[in-house]
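>>> Kindly return the folded structure for what I paste below:
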Amino acid sequence: MALNDSIPSLKECDKLSDEGIKDRLIKIKGIGHWTVEMLLIFNLGRQDVLPIHDLGVRKGFQLAYKKRKLPTPEQLEKHGEKWKPYRTTATLYLWGAADFLNLNEW
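As a prediction, the model looks like this:
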């Protein structure tokens, strides 16, 4: 019950949708979409999260799909519709592709 009930407890999070959690948390100064998306993926184990503004995800998509340009968040979001309801798995693979790219640049 912190910050006048702005921060839901873990028990409350179990009952809330991803959007419900986002709506509550981004009202708090300093918490944005990326922060909430990381919470959803790594702390709450949500299966359908695609952080479209994350540079690693965008770079991984560029590499995996052999694109010349980095995809815009809108392009990534549109393509990500194909991965529902497992966009978190796609996110992890795209981060892996970006890491692979970084390793090979050395």
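>>> how about the helices in the protein?
Secondary structure of the chain (DSSP state H): helices located at 10-15, 18-25, 33-38, 55-64, 73-80, 87-104.
>>> Tell me how this protein divides into domains.
Domains of the chain are assigned by automatic domain parsing as 10-43, 55-104.
>>> in this protein, which ranges drop under the pLDDT threshold?
1-5, 105-106 (pLDDT under 70).
>>> how about a cut-off of 80?
Low-confidence regions of the chain, defined by pLDDT under 80, span residues 1-6, 101-106.
>>> Give me the residue at the spatial middle of the protein.
Note on the chain: the residue nearest the mean C-alpha position is residue 51, at 2.7 Å, using Cα atoms, centre = their mean.
>>> Tally up the residues packed near residue 91, please.
Using other Cβ atoms under 10 Å, residue 91 has 24 other residues around it. To be clear about C-beta, it is placed using only N, CA and C from the backbone, and glycine gets the same treatment.
>>> My understanding was that it contacts residue 57; is that so?
Yes - with contact defined as Cβ atoms under 8 Å, residue 91 reaches residue 57; the gap is 5.7 Å.
>>> any residues in contact with both of those two?
In terms of Cβ atoms under 8 Å, 6 or more residues apart in numbering, residue 91 and residue 57 are both contacted by the residues 50-51.
>>> before we move on, the earlier item: out of the helices of the chain, which gets nearest to residue 47?
Closest approach to residue 47 among these is made by helix 87-104 (5.1 Å; Cβ to Cβ).
>>> Leaving out the residues flanking it, which one is nearest to the residue nearest to the centre of the chain?
Spatially, and ignoring its direct neighbours in sequence, residue 51 is nearest to residue 37 (4.2 Å; Cβ to Cβ, 6 or more residues apart in numbering).
>>> Repeat that for residue 50.
Distances taken as Cβ to Cβ, 6+ apart put residue 87 closest to residue 50, at 3.9 Å, once the chain neighbours are dropped.
>>> And that neighbour, how far from residue 79?
In this view, residue 87 and residue 79 are 10 Å apart by Cβ to Cβ, to the nearest Å.
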